[in-house]
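Participant: next one to model:
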Amino acid sequence: MLKQLFTFFLVCVTSMLQGQQALRLATYQYADNDRIKNITPLAGYLQQQCGYTVTVKSYPTVHAFIEAIRNNETDIALINTFGYLLLEASDKKYSMYPALTLSVQEDARDNYKTCLVAVATSPITTLQQIQQYASSTRMMLVAPGSTSGNLVPRLALSSAGIPDADKQFASMEYGKTHIGALQGLLKGDADLAAMGYTEYMKLQKDTTAQRLLRLVWLSPEIPLGPVLIHTQLSRSVQQQIVAALLHIHQDNATALESLKAGWSEAKQATHYIRIKGSYYNTFKKILGKQQDLQRILTQFAN
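Facilitator: Numbering: from 1, shown residues only. Reported below is the predicted structural model:
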């Protein structure tokens with residue numbers, strides 16, 4: 001009898017503790033979308049699967065999100081590729097690890113790429129020509145924390161003989177969003193701009209605007225950013241989170257679609273897969289020299 005009462009007591013206490021624990025799910029804002037609506041269904045799904053309350057939060061920029069991660073303000077972080085590489089490159093410590101990422105179907109084309117686009121009146125037609133005309137060219141990138149709108153174009157420019165884009169161009173500005181960079185070209189505020197290729201492809205519907213611009217360079221596919229999980233969570237909770245995300249495409253396709261809708265680069269993703277930090281090694285080697293990558297990461301890391 002006493003043994004049964006003790007077991008009942010343990011079950012009650014465990015249930016109470018689980019009910020009190022909250023997992024913090026966080027991400028970062030893009031333009032005027034804080035993505036809270038996009039990740040709230042995911043929070044509900046994780047709460048159902050793991051048995052813990054799941055709160056959601058969005059940080060105004062990638063760099064603000066990085067600082068929050070360092071300050072242990074989140075347990076599950078949905079970060080972009082550049083943000084993860086900046087965390088790794090920084091001399092500041094953090095207590096999370098990459099556990100999963102969204103996988104794109106093998107036959108997907110032009111899912112997540114960067115393009116460099118020039119105005120039609122520019123003499124620049126290839127990546128290799130940019131160095132020749134850089135001093136008279138007004139350059140526009142997207143945002144400091146953008147993978148396809150800052151990291152990848154800077155790597156491409158470095159490989160073409162422009163290691164210091166901020167000084168080698170006539171001017172350097174950020175358009176704040178991918179469409180902002182595209183509009184910078186169309187409004188005459190820039191001569192050359194970098195943006196996500198999906199944004200440029202939308203322009204194909206506007207033949208008038210299309211004639212005003214020229215595609216100069218297109219990057220290889222960029223891997224999607226990771227889901228980071230806090231190392232201080234119990235091993236069982238970590239395993240529950242991973243298991244839930246691995247099965248979300250089967251158990252709650254609606255939550256997955258809501259999540260994907262917040263990131264244009266996730267449009268063709270189908271499900272989550274397990275990863276380690278080494279997953280991004282191929283990407284690190286895909287453009288230019290490793291010293292160029294490290295220099296760029298160091299510039300934006302701290």
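
Participant: which ones are touching residue 190?
Facilitator: Residues near residue 190 by Cβ atoms under 8 Å, 6 or more residues apart in numbering: 119, 138-140, 173, 175, 181, 184. From N, CA and C alone the C-beta is placed, and that goes for glycine too.

Participant: how about it: what's its closest non-neighbour residue?
Facilitator: residue 140 (3.8 Å; Cβ to Cβ, 6 or more residues apart in numbering).

Participant: after the helix or strand hosting the one you found, which helix or strand is next?
Facilitator: Assigned by DSSP states H and E, residue 140 belongs to strand 138-141. Next helix or strand after strand 138-141 toward the C-terminus (DSSP H and E): helix 152-159.

Participant: from the chain's centre, how far out does that following helix sit?
Facilitator: 18 Å (Cα atoms, centre = their mean, to the nearest Å).

Participant: cool, and stretch 142-159?
Facilitator: Worked out by Cα atoms, centre = their mean, stretch 142-159 lies 13 Å from the chain centre.

Participant: buried stuff in it?
Facilitator: 142-158 (16 or more other Cβ atoms under 10 Å).

Participant: which parts of the stretch 151-300 of the chain are helices?
Facilitator: Assigned by DSSP state H, counting those that start in this stretch, the helices in the stretch 151-300 of the chain fall at 152-159, 165-168, 178-186, 197-202, 207-210, 235-246, 248-251, 253-261, 281-286, 290-301.

Participant: how about residues contacting the second one?
Facilitator: Same thing as helix 165-168. Residues contacting helix 165-168 (Cβ under 8 Å, 6+ apart): 131, 134-135, 139, 141, 154, 157, 162, 172.

Participant: closest one of these to residue 267?
Facilitator: Lowest distance from residue 267 to the contacts of helix 165-168 (Cβ to Cβ) belongs to residue 141, with 22.3 Å.

Participant: surely that closest one and residue 184 touch.
Facilitator: No: taking contacts as Cβ atoms under 8 Å, residue 141 lies outside contact range of residue 184: 9.8 Å.

Participant: so where is the stretch 51-200 of the chain shaky, pLDDT-wise?
Facilitator: Scanning the stretch 51-200 of the chain for pLDDT under 70 picks out 108.

Participant: report the contact partners of the most centrally placed residue in the chain.
Facilitator: Residue closest to the average C-alpha location in the chain (Cα atoms, centre = their mean): residue 80, at 1.9 Å. By Cβ under 8 Å, 6+ apart, the residues touching residue 80 are 28, 62, 145-147, 225.

Participant: what's the closest of the residues you listed to residue 294?
Facilitator: residue 147 (16.3 Å).

Participant: so what's the closest one closest to, chain neighbours aside?
Facilitator: residue 82 (4.0 Å).

Participant: between the strand or helix carrying residue 100 and helix 253-261, how big is the angle?
Facilitator: Per DSSP H and E: residue 100 is located in strand 96-104. If you take axes from the mean of the first three to the mean of the last three Cα atoms, to 10 degrees, strand 96-104 sits at 100 degrees to helix 253-261.
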